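Asks: Fold the following.
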Amino acid sequence: MRYVKLGRKPLLIGVGHHWAVRVESSSSNGCWYEILGNSGNSAKTDQNEIGRSYTRAAKSGAGSLGGSTVGKTTKSDEEIDDFISSWLSQNPKYGLYAANCQKFATEFIAWLTDDNYNISAAFDTGNVETKSNSLTHAVAHDGTAYACASLGEGRGAIGPYSVVARLPTAHAGVSDGTEGLYAVAEASAIRYEANYGNVVGAHVDVNVNTGLGFRNGNAEAHLLGFGGRVGTDGVEVNTPLGGIRIPALGAPINWIGGLFR
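Replies: Down below sits the predicted model:
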């Protein structure tokens, strides 16, 4: 059993993120996988290429704050190589609204975890197709522990539009600083979320989410559904019935972060 992490890096344009995926058995033993090219750090080209790096952060700088564990995998390195070869044959050309870093990362995570993963970040752009996600597992790894149980989740993106639909879900988690510093207990009866690129997002979410801390590049505080977060994903205001997010307000944070990560 190995652990799967999602790492993100703010883009220098100030809005949006580059995504990378790490498969690791420990903080010192793992490999990052990410698309190079227009969304990575290599020379500008429209030919998709998957880069590998064995450092603490990905070659692009994604995951420099530790990343966030999203699930577990039993896939071998040989199976991973086969998946990547197949994915590249189906997605040979990079496209901001098509086969980009977020499409690769999401579909790679879904395959690694057999569609049992916990991604909380919204898509910026892309053309992402995944099966329904069971979102029911527990993780205790490298200073972070969480457990989630859900009747299912669906997510996808077409161009700048993305949606998430989640059935009743419960989640509890803590981290000692490796992947943030937080303690949360969340319970949601149902959630529907829609986003338009890095401009605006809104959601209906019947919830009593409670927690405090810093995770996924955002500072957050919630009590029985009331609260919000601010950081790399912009500014979000929440109530027990839903909320609104304005990603563009995170542009100054992302621009500064992009200079150092």
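Asks: Next, the closest residue to N209 other than its chain neighbours: secondary structure please.
Replies: Nearest non-adjacent residue to N209, counting by Cβ to Cβ, 6 or more residues apart in numbering: E186, 4.3 Å away. C-betas here are computed from N, CA, C, even on glycine. Of the three states, E186 takes strand according to DSSP: H, G, I helix; E, B strand; the rest coil.
Asks: residue boundaries of the helices in the stretch 101-250 of the chain?
Replies: 101-112 (DSSP state H, counting those that start in this stretch).
Asks: For it, give me the ranges with low pLDDT.
Replies: Regions of the stretch 101-250 of the chain meeting the criterion pLDDT under 70 are absent.
Asks: quick one on the thing from earlier: for the residue nearest to N209, what are its contacts?
Replies: Contact analysis of E186 by Cβ atoms under 8 Å, 6 or more residues apart in numbering lists T169, A170, H171, A172, N207, N209, T210, G211.
Asks: now do N116
Replies: Contacts for N116 were tallied using Cβ under 8 Å, 6+ apart; they are G71, N133, S134, L135, T136, H137.
Asks: Is the first one within a helix or a strand, and which one?
Replies: This means G71. strand 68-73 (DSSP states H and E).
Asks: if you average pLDDT over whichever helix or strand comes after that strand, what comes out?
Replies: Downstream of strand 68-73, the next assigned helix or strand under DSSP H and E is helix 77-90. Averaged over helix 77-90, pLDDT sits at 97.
Asks: roughly how far apart are the nearest residue to A98 once chain neighbours are set aside and I246?
Replies: In space, and not counting its chain neighbours, A98 is closest to N127: 4.8 Å by Cβ to Cβ, 6+ apart. As judged by Cβ to Cβ, to the nearest Å, N127 and I246 stand 24 Å apart.
Asks: With F214 instead?
Replies: Distance, F214 to I246, by Cβ to Cβ: 19 Å.
Asks: cool, D176 as well?
Replies: Distance from D176 to I246, counting by Cβ to Cβ: 31 Å.
Asks: Settle it for me: which of these two has more neighbours?
Replies: Neighbours were counted for D176 and for I246 using other Cβ atoms under 10 Å; I246 has more, 16 against 12.
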